[in-house]
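Colleague: Fold the following.
(2 chains)
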Amino acid sequence: MRAFTQHQGIVAPMDRSNVDTDMIIPKQFLKSIKRTGFGPNLFDELRYLDEGKPDQDCSQRPINPDFVLNQDRYKNASVLLARTNFGCGSSREHAPWALDDYGFRVIIAPSFADIFYNNCFKNGLLPIVLEEKVVDQLFREAEEQVGYQLAVDLEARTVTTPSGESFSFDVDDFRRHCLLNGLDDIGVTLEDADLIRSYEESRRKTAPWLFKAI
Amino acid sequence: MAGKTLYDKLWDDHLVKQRDDGSALIYIDRQLLHEVTSPQAFEGLRLASRKPWRIDANIATPDHNVPTTDRERGVEGIVDPVSRIQVETLDKNCDEFGILEFKIKDQRQGIVHVIGPEQGATLPGMSIVCGDSHTSTHGAFGCLAHGIGTSEVEHVLATQCLVQQKMKNMLVRVNGKLGPGVTGKDVVLAIIGKIGTAGGTGYAIEFGGEAIQDLSMEARMTICNMAIEAGARVGMVGVDDTTINYVKDRPFSPTGDQWDAAVDYWRTLHSDDDAVFDKVVELDGSAINPQVSWGTSPEMVAGVDGNVPDPEKEADPIKREGIVRALKYMGLQPNMPITDIKLDRVFIGSCTNSRIEDLREAAAVVKGRKVSPTLKQAMVVPGSGLVKAQAEQEGLDKIFIEAGLEWRDPGCSMCLAMNADKLGQGEHCASTSNRNFEGRQGFGGRTHLVSPAMAAAAAVTGHFIDVRELMH
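Modeller: Model (predicted):
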């Protein structure tokens, strides 16, 4: 996995709550058997005016000029500023794959849905929870200042504004450690293979029906 | 010391290692696989030259992409080539790794969350995962069950474990008796309406109280299925006689001495009387009416006797904006009665409501009636080949067909429209599925979530109506 230590980039403010994973990447694009190539279809139904199809050349499609990512000032954004309960709905990891493929590295919101939040960390994408009033402030600043950027430091757990104001955020130690070092967490788990085997041995004695071959 | 909750017990029984950093390794007894979220996981195993840790802990079936007609042709009958490749990829991966798969022409094929319980592959006390958020369904059996992403599917294949942080405990207690015509679906929609789509985020929810204890396994599965729509990955009900009777004599259920030992253990799978929950929510079951969602989030729900809300009356500006946006998308006016919403299609199916009891409830309403001529389509999609066979044995297929509903083959179908079954732009659908998100059932489609009985009532009238008016 790609490591994440620090990042600075342009902020795109997406001002709606409960953005669901169907909205992030609609179902017709889940038919791919790859992990890449979802970027052109990120937020497909909000970004374009027509119905998207898999394997289509999106450069020729009619775009929705009102959508935040279609505005010139937010082109090349790599930090997504969002509202509460971002990523709710389905467990599709295609959602963080699409955000990553588009070029986002950080998502900041007052809250995230659990499965989406977890999936981000598996893909080198950093979801950051900040207090609602701080998020409100960042929305104001991002809308007021063209080219507004935020600097994120995972080691220090801080988000810093262009004026130098800094906000700290929480992230649990294991996820932070894996992300900072770009660790493959299957490899980390397999270091405990003996423990897993001994759990299985004892469980097999007390609950043998759980190991019945199917 | 306070007693344990059901979730505490399941957590402790699956804990392989508690790490110093607060994370834990949890053992997974069963993984369910389907074609959409598994191909990249199998590919990851191959790229790292890893083998599945315990092949017989896995069971697979294609469900999201499968057509609901013309099934004799098997995979060849899948018209969309991209869908076909995904189903073929699942077949290939299961063959290569030796994983049990109910393929498209197998009568045991169906929606993963229907076939697990049906086969006894879902047993009380198990930890169960699947690359699908509706895995919470299996919590109805007193299981620790939740959806995971594809990276975690690969992790479980490779290690039989997941890295987890323990969630908080929430009890949703539904007191009293449900009225006639009020189902598990109405209960869970009312719960989501009360606590909101993020109300359960970070919690494992246990559903309890008299109204839940009185419910069948099918209805409990419907409720746990939609825990995720309240933000909770895990939804559970404690084990009782209803649970044990359902599990008995299923193909993969234990037998003989092992059955007796299992039942002794399963009897312990409920929260202790003195267990402490981080949060308790109470509802009066007798006050719940049949529910209809009017908006684009499952929390946007009202009783069938209610009205579409007026955004002017909402004080919170973000919520107000959400209501305005939802009403625009749904093409509805503030304050209009729910029963004035006209429908184009009716869909009875999905992992929420496609089991035999759901089909019986719908059939009881349409029996002797006809689908409204104002509808373009009304379809019934059973949850598995075995549910379909059971329904046909009971003559339910004939009741549906005589009333003018289409009787289809099993799969996820119009719940998320990955196959050919979808809504057209602007069409309103009474749907027994679980999500009313924008575009979920088709580009520009408008979904209203309801129970099977309410969907059946809508099918014969062409608009929403309180199903109790049609009951004898």
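
Colleague: Quick check: buried residues in stretch B:107-118?
Modeller: The neighbour-count check on stretch B:107-118 (16 or more other Cβ atoms under 10 Å in any protein chain shown) flags B:108, B:109, B:110, B:111, B:112, B:113, B:114, B:115, B:116, B:117, B:118 as buried. Using the backbone N, CA and C atoms, a C-beta is placed for each residue, glycine as well.

Colleague: Apart from its chain neighbours, what residue comes closest to the fifth one?
Modeller: For residue B:112, ignoring the flanking residues on the chain, the nearest one in space by Cβ to Cβ, 6 or more residues apart in numbering or on different chains is residue B:32 at 4.4 Å.

Colleague: Tell me the first helix or strand C-terminal of the helix or strand where residue B:9 lies.
Modeller: Here residue B:9, judged by DSSP states H and E, is contained in helix B:6-14. Per DSSP H and E, the first helix or strand lying C-terminal to helix B:6-14 is strand B:15-18.

Colleague: just how off-centre is that next one within its chain?
Modeller: 29 Å (Cα atoms, centre = their mean, to the nearest Å).

Colleague: what's the model's confidence in it, averaged?
Modeller: When pLDDT is averaged along strand B:15-18, the result is 98.

Colleague: Flag every buried residue along that strand.
Modeller: So strand B:15-18, judged by 16+ other Cβ under 10 Å, has buried residues B:16, B:17.

Colleague: could you check whether stretch A:47-54 is close to chain B?
Modeller: Yes: Stretch A:47-54 is in contact with chain B by Cβ under 8 Å from any Cβ of the partner chain, via A:51, A:54.

Colleague: Dump that stretch to CSV, restricted to CA.
Modeller: C-alpha atoms of stretch A:47-54 as CSV (Å, rounded to 0.1, in the frame of the first residue of the first chain):
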residue,chain,number,x,y,z
ARG,A,47,-20.8,15.4,-12.4
TYR,A,48,-22.4,14.6,-15.8
LEU,A,49,-25.9,15.3,-17.1
ASP,A,50,-26.3,12.0,-18.9
GLU,A,51,-26.4,8.4,-17.7
GLY,A,52,-22.9,7.0,-17.5
LYS,A,53,-21.9,3.6,-19.0
PRO,A,54,-18.9,1.4,-18.2
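
Colleague: can I see the domain layout of chain A?
Modeller: Here the domain parsing of chain A from automatic domain parsing is A:6-183, A:184-214.

Colleague: which ones are touching the nearest residue to residue B:385 once chain neighbours are set aside?
Modeller: Spatial nearest neighbour of residue B:385, excluding adjacent residues (Cβ to Cβ, 6+ apart): residue B:107 at 3.9 Å. Taking Cβ atoms under 8 Å, 6 or more residues apart in numbering or on different chains, we find residue B:107 in contact with B:385, B:386, B:389.

Colleague: out of these, who has the most neighbours?
Modeller: Greatest neighbour count in the contacts of residue B:107, by other Cβ atoms under 10 Å in any protein chain shown, goes to residue B:385: 23 neighbours.

Colleague: Figure out the length between the terminal residues of stretch B:66-73.
Modeller: The straight-line separation of the ends of stretch B:66-73 (Cα to Cα, to the nearest Å) is 11 Å.

Colleague: Now find how far off-centre it is within its chain.
Modeller: Per Cα atoms, centre = their mean, the displacement of stretch B:66-73 from the mean C-alpha position of its chain is 22 Å.

Colleague: Give me the buried positions along it.
Modeller: B:66, B:67, B:68, B:71.

Colleague: Among those, which one sits closest to chain A?
Modeller: Distance to chain A across those (Cβ to the nearest Cβ) is lowest for residue B:66, with 12.4 Å.

Colleague: unless I'm mixing things up, the closest one is touching residue B:102, no?
Modeller: No: contact criterion Cβ atoms under 8 Å: residue B:66 and residue B:102 do not qualify, at 11.2 Å.

Colleague: which neighbours do these two share?
Modeller: residue B:109.

Colleague: Secondary structure of the residue nearest to residue B:112: a strand, I assume?
Modeller: Yes: the assignment for residue B:32 by DSSP: H, G, I helix; E, B strand; the rest coil puts it in a strand.

Colleague: Burial check on it, number of neighbours?
Modeller: Residues near residue B:32, counting by other Cβ under 10 Å: 25.

Colleague: need the contact list for it.
Modeller: Here residue B:32 is in contact with B:58-61, B:112-113, B:116, B:121, B:128-130, B:132, B:135 (Cβ under 8 Å, 6+ apart).

Colleague: So which of these are in helices?
Modeller: B:112, B:113, B:116 (DSSP state H).

Colleague: Same question for the strand or helix carrying residue A:116: list its buried residues.
Modeller: Using DSSP H and E, residue A:116 sits within helix A:114-121. By neighbour count on 16+ other Cβ under 10 Å, the buried set for helix A:114-121 is A:114, A:115, A:116, A:117, A:118, A:119, A:120, A:121.
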